[in-house]
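Participant: Please work out how this folds:
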Amino acid sequence: MTRADRPTIRDVARAAGVSKGTVSFALNGRPGVSEDTRARILAAARELGWTPSAKARALSISRSFAVGLVLAREPELLGADPFFPAFIAGVERTLSDRGQALVLQVVPEAEEEAGYRRLAGAGRVDGVFLLDLRVVDPRFALLVELGLPAVSIARPDVPSGFPAVLVDDRPGIAATVRHLAGLGHRRIAHVAGPAHFLHGSRRARAFAEALAEAGLPPGAVVEADFSAAGGAAATRELLTGDERPTAIVYANDLMAIAGLAVAHEYGLAVPAQLSVTGFDDTELAGHVRPALTSVRTDPYLWGRQAALALLALIEGGTVDDVPVPAAHLVIRASTGPPSP
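Facilitator: Residues are numbered from 1 along each chain as shown. Here you go, the predicted structure:
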């Protein structure tokens, strides 16, 4: 058989009815391909008599010793949100111990796919992290197509063969609502994150479910963008509505701290006239006045665990999901019984 006659990965992909990237994943034993699809690809390769060339095999084991993170956020918002520096610090701590590097791209949302394609096409990274999961997130299929191993922060709502750091926001939100209900609040509102982000929609859903479990009526929900300006605007909307809430549950600390400032601007005493809670328990939460009740998470640990999982995935080809400690409520002075 001449080189021109030799079957290629493209031929195997056509015979199996899948993309070239999926064939590459299956033939190299990488995650992200279902067992049925993998079996179909291997059968097609056998039937065609496909074998890897020596050059292709050498390329398949080449390493860049770097991993990637593409963030579709405005740079200004990225710098203001304490979550990302903490997560990246955890990643960098693990990578530096292993002689690896992090390639970070901050791009507009419209250019996010191009960012992943640049990383894969140039061979700049051996794998990537997936943050800010979307509802029906298309990036999982994209990474299978590109042949890039990945670790996601939280389990997505679409099929995924990639391991996940098992972050779950719902217990923290439920504990917050139970705390406020126990204090006697009946008009509890929520300033949510963007609904297209999975953690934004999950926190909003957990809020509604916790109200129902506490026997309370549905609360007002205003969607914001996780920024201080967004949190302030949402707070003003809630405080000038027909029925002012006695407590507001915010989807992150940044919006909650902005909400505290708006409450003071409106002459409302916190917590006597308005209770306020955050999420993430960032360092600043304990230093504002009144100190902020918040749900404590550990993005630094998530970063460390995600980096360990991704390196193991790159080196070994298969990794289980990574459990992390559950978030818990830290009660401070920003919550109290509502005024009579």
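
Participant: and the longest helix for the chain?
Facilitator: The residue-count maximum for a helix in the chain (DSSP state H) belongs to helix 299-316.

Participant: And that one, what does it pack against?
Facilitator: Contact analysis of helix 299-316 by 3 or more C-beta pairs under 8 Å, 6 or more residues apart in numbering; DSSP states H and E lists strand 66-71, helix 83-97, strand 128-130, strand 150-153, strand 164-166, strand 322-323 as its packing neighbours. (Each C-beta comes from the backbone N, C-alpha and C, glycine too.)

Participant: okay, these in TSV with mean neighbour count, distance to Leu27 and mean pLDDT next?
Facilitator: Written out in TSV, the entries for the helices and strands packed on helix 299-316 read as follows (neighbours: other C-beta atoms under 10 Å; distance: least, C-beta to C-beta, whole Å; pLDDT from 0 to 100):
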stretch	mean neighbour count	distance to Leu27	mean pLDDT
strand 66-71	22	22	94
helix 83-97	18	28	93
strand 128-130	25	20	97
strand 150-153	26	18	97
strand 164-166	21	24	97
strand 322-323	15	26	96
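
Participant: Nearest to Ser201 among those would be which one?
Facilitator: For the helices and strands packed on helix 299-316, proximity to Ser201 was assessed by C-beta to C-beta; strand 150-153 is nearest, at 15.2 Å.

Participant: can you state the direction angle for the longest helix of the chain and helix 83-97?
Facilitator: Here the directions of helix 299-316 and helix 83-97 differ by 40 degrees (axes from the mean of the first three to the mean of the last three C-alpha atoms, to 10 degrees).

Participant: ok, residues contacting helix 299-316?
Facilitator: Contact partners of helix 299-316, identified using C-beta atoms under 8 Å, 6 or more residues apart in numbering, comprise 31, 63, 67, 83-84, 86-95, 98, 100, 126-129, 149-151, 153, 162-163, 165, 167, 280, 319, 322, 324-325.

Participant: same question, stretch 115-122
Facilitator: The contact list for stretch 115-122 (C-beta under 8 Å, 6+ apart) reads 68, 70, 72, 103, 105, 107, 124-125, 128, 139, 142-143, 146-148.

Participant: and these, which of them are in strands?
Facilitator: Under the assignment DSSP state E, the contacts of stretch 115-122 contribute Gly68, Val70, Val103, Gln105, Val128 to strands.

Participant: ok, back up a step: in CSV, list the helices and strands packed on helix 299-316 along with distance to Arg244.
Facilitator: Formatted as CSV, these follow (distance: least, C-beta to C-beta, whole Å):
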stretch, distance to Arg244
strand 66-71, 36
helix 83-97, 29
strand 128-130, 39
strand 150-153, 35
strand 164-166, 38
strand 322-323, 40
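
Participant: Val18: which of the ones you listed is closest?
Facilitator: Using C-beta to C-beta, the helices and strands packed on helix 299-316 put strand 150-153 closest to Val18, at 18.2 Å.

Participant: And the closest one, what does it pack against?
Facilitator: Under the contact rule (3+ C-beta pairs under 8 Å, 6+ apart), strand 150-153 is packed against strand 128-130, helix 139-146, strand 164-166, helix 299-316.

Participant: I'd like to know which elements the third one is packed against.
Facilitator: Read it as strand 164-166. Against strand 164-166 (3+ C-beta pairs under 8 Å, 6+ apart) you get strand 150-153, helix 299-316, strand 322-323.

Participant: among those, which is nearest Ala174?
Facilitator: Distances from Ala174 to each of the helices and strands packed on strand 164-166 were compared using C-beta to C-beta; the minimum, 18.8 Å, belongs to strand 322-323.

Participant: Mind listing the strands the closest one pairs with, and their directions?
Facilitator: For strand 322-323, the paired strands and their directions (DSSP bridges) read strand 164-166 (parallel).

Participant: which helices and strands does the next helix or strand after the strand it pairs with pack with?
Facilitator: Moving toward the C-terminus from strand 164-166, the next helix or strand (DSSP states H and E) is helix 170-183. Packing partners of helix 170-183 (3+ C-beta pairs under 8 Å, 6+ apart): strand 188-192, helix 198-213, strand 247-250, strand 275-280, strand 293-296, strand 328-330.

Participant: coming back round to it: most packed of the helices and strands packed on strand 150-153?
Facilitator: Most buried of the helices and strands packed on strand 150-153 by mean neighbour count (mean count of other C-beta atoms under 10 Å) is strand 128-130; its value is a mean of 25.
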